[in-house]
Every structure is written in C-alpha cells, then in structure tokens.
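**Student:** Kindly generate the corresponding structure for this input.
(chains A and B)
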Amino acid sequence: MTSEWSAPLQLALKRTLEDLCFVAPDPDAGSTAELPLEAAAVVAFTGPLVGRLLVRVRGQALAAITMDMLGTEAIPAPGEQEDCLAEIANVACGTTLPMLGDPRAVFDVAPPVVRWRGEPEPTGQRVAEAKLSFESGAAELVLFIEAAGGAP
Amino acid sequence: MALNVLVVDDSAVMRKMIVRALHLSGLPVAKVFEAGTGKAGLVSALEQPVDLALLDINMPEMNGMALLTELRNHPKTAALPIVMVSTEGSEQRIEMIRNSGAGFVRKPFTPEALVAAVVGAVGGCDDDE
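**Tutor:** Below is the predicted model of the structure:
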C-alpha cells in the first residue's frame, strides 16, 4: 500500500459519506469486513494516473442512504439504489483524484459499473484502501493504479 | 420572475437531488425540464423555454463540456445562464468552464452553494464553488 494515498482516500470517503449521503461515520465501530457485501461499484479514470476506484458498501445500507439522499421515506427501487451507488462512486472518485497529486491535472472518468452482492474485478496494483463504519453498515474505497506517470 | 430550469444529468437520483435543492432554496422556480444525456439536454434547451441550465459533465452520448460548447455556439442559447454541477476536481477544467461564462458547483453540493451559483449565473455575477 502507498501510505501517502491512504490519507486522501480516507478523507474522500469521509467527505462523500457526510456531504453526499448525509451519513455520520462511527469511528468506534468494529471491523467492516465482518459485514456482508451489499453492492460494489468501480470507476475507471485516465489522466496523469490511470486506474480504478472501487467502492464497496457492506451491511444493509444502500436503501437507507438512497432514502436520505432523496429526502423520501419510500423504499427506493433497486434501480434507484444502483443509481445512488454509482453517484457515490462518481463523487468519491472526483473527490479523490485532485488529492493524489497536481490539483490542476485533468482526468477523464468513465461511468461507474455497479454489481450487487459481488464486485467488478479491477485491474492494476492496489495502492490504498479506506474504510468507515456507520449506523446501517460500512463503506470502503480501494484505489488501483495501472500506470503512474504523475505519481507523487 | 420564476425560472424555467433545465437539469441535465445521467443520474436520476442526482437530478432529483438538484430539483429538491432548488425547491428547498426558495429560488423562484416555474417549470423544471430534465434530461439524462447531453444530446437530450441539447434538444430540450432548443425546444423548451429554458431560463437556466444545470449540466453534469460526465454523461453518455454527449458530455457536459460538449453540450456547453453547443449551447454557446447556438444563437438561441448563446447567452443562456449555465451552471455546471459536477464531481470535476481539476482546477484547470474548472477554469475552462468559468472562461466559457458558466458557473460551477462541485458535487456534493450544499443547497446554499447551488443557490449562490444560480444567482451568480442568472445575475451575471461570479458564482461560488
């Protein structure tokens, strides 16, 4: 793991949960790996760095997060939850990339790929990971880098 | 005057969040038109009586930057107030957006940031990130 990328990744996860999902992370919660994987999404990016950001949601969190994001009390359809996870992945990636090196660097980001109870297989070297728990589950980010032309 | 607003974003959840933030903000909103792709957004902007457009960047078919260029090049929409609402973090790209005369709000946004950008775009002033 590249330690200098772990802190930005953790910060990106915290900001995404708090500012997009309206979820308060619980620093005293136990291991996130004990919770079953609910869904995952991966976003590919190209630019000074080429890689993928994997987002995992554990527990039964996605419906509650979607309801909070939409400000509704109705149980969201699976398609809405999928859309919500894709947006979480987009925001997490958009928040992470400027913190990995030159903030002026331009990246192109592909549409997120979402999987229920499984995860897309990202390629590249796993360089950093972030985990946070909250009331209804947990979320993780894993950063994979294939090429690092502008790596710090 | 109440505004007719066009929201272009490939995420239906994000379109709902933007529309909700607009309604909660107290801004005078009349009609809201929605589109899920850049191409559909262009058609809407040209066919509907739109006073303000809020555009995502990463979208299928035609991305938000291409849509922004098309809108600026069309006589009907050349002066349309536009705010880009995106996860984009590159300072260079944000500078390009501002140089095109559009405002910018980074996702995730607070309703206050969205309002500030909308007021800046409609009033022709600088916006807030």
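**Student:** For chain A, give me the ranges with low pLDDT.
**Tutor:** When residues are selected by pLDDT under 70, those of chain A lie in A:1-2, A:29-33, A:148-152.
**Student:** Please report the residue range of the longest helix in it.
**Tutor:** Determined from DSSP state H, the single longest helix within chain A is helix A:78-96.
**Student:** Can you identify the element that follows that one toward the C-terminus?
**Tutor:** As assigned by DSSP states H and E, the chain's next helix or strand after helix A:78-96 is strand A:108-109.
**Student:** Tell me where chain A has helices.
**Tutor:** For chain A, the helices defined by DSSP H cover A:3-15, A:62-70, A:78-96.
**Student:** Switch those over to JSON lines; also include mean neighbour count and distance to chain B.
**Tutor:** Where C-beta positions appear, they are placed from N, C-alpha and C, glycine not excepted. As requested, the helices of chain A are arranged in JSON lines below (neighbours: other Cβ atoms under 10 Å in any protein chain shown; distance: least, Cβ to the nearest Cβ, whole Å):
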{"stretch": "helix A:3-15", "mean neighbour count": "18", "distance to chain B": "8"}
{"stretch": "helix A:62-70", "mean neighbour count": "20", "distance to chain B": "5"}
{"stretch": "helix A:78-96", "mean neighbour count": "24", "distance to chain B": "3"}
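**Student:** Enumerate the residues of chain B near chain A.
**Tutor:** Residues of chain B lying close to chain A (Cβ under 8 Å from any Cβ of the partner chain) are B:10-14, B:16-17, B:20, B:58, B:60, B:86-93, B:106-108, B:110.
**Student:** Could you find the closest non-adjacent residue to the closest residue to chain A within chain B?
**Tutor:** With Cβ to the nearest Cβ, the shortest gap between chain B and chain A falls at B:Thr87, namely 2.6 Å. Across the structure, with Cβ to Cβ, 6 or more residues apart in numbering or on different chains as the measure, the residue nearest B:Thr87 apart from its sequence neighbours is A:Gly94 (2.6 Å).
**Student:** before we move on, what about A:Gly137?
**Tutor:** Spatially, and ignoring its direct neighbours in sequence, A:Gly137 is nearest to A:Gly59 (2.5 Å; Cβ to Cβ, 6+ apart).
**Student:** Need the contact partners of stretch B:92-112.
**Tutor:** For stretch B:92-112, contacts defined as Cβ atoms under 8 Å, 6 or more residues apart in numbering or on different chains pick out A:15-16, A:19-20, A:87, A:90-91, A:94, A:104-106, B:14, B:21, B:24-25, B:55, B:57, B:65, B:68-69, B:72, B:81-89, B:113-114, B:117-118, B:120-121, B:127-129.
**Student:** same thing but at 7 Å, please
**Tutor:** Outside stretch B:92-112, the residues that touch it by Cβ atoms under 7 Å, 6 or more residues apart in numbering or on different chains are A:19-20, A:91, A:94, A:104, A:106, B:21, B:24-25, B:68, B:72, B:82-88, B:113-114, B:117, B:120-121, B:127, B:129.
**Student:** Mind giving me the PyMOL command for buried ones among those?
**Tutor:** In PyMOL, the members of the contacts of stretch B:92-112 classed as buried (16 or more other Cβ atoms under 10 Å in any protein chain shown) are selected with the following command:
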select buried, (chain A and resi 19+20+91+94+106) or (chain B and resi 21+25+68+82+83+84+85+86+87+88+113+114+117+120+121+127)
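**Student:** Looking at the contacts of stretch B:92-112, which are in helices?
**Tutor:** Within those, residues falling in helices by DSSP H are A:91, A:94, B:21, B:24-25, B:68, B:72, B:113-114, B:117, B:120-121.
**Student:** Looking at those residues, which is nearest A:Pro48?
**Tutor:** Checking these against A:Pro48 by Cβ to Cβ gives A:Gly94 as the nearest, at 15.2 Å.
**Student:** Please report how far that closest one lies from B:Val29.
**Tutor:** 26 Å (Cβ to Cβ, to the nearest Å).
**Student:** do B:Glu112 as well
**Tutor:** With the distance defined as Cβ to Cβ, B:Glu112 ends up 16 Å from B:Val29.
**Student:** do the same with A:Arg104
**Tutor:** Plainly put, A:Arg104 is 35 Å away from B:Val29 if you go by Cβ to Cβ.
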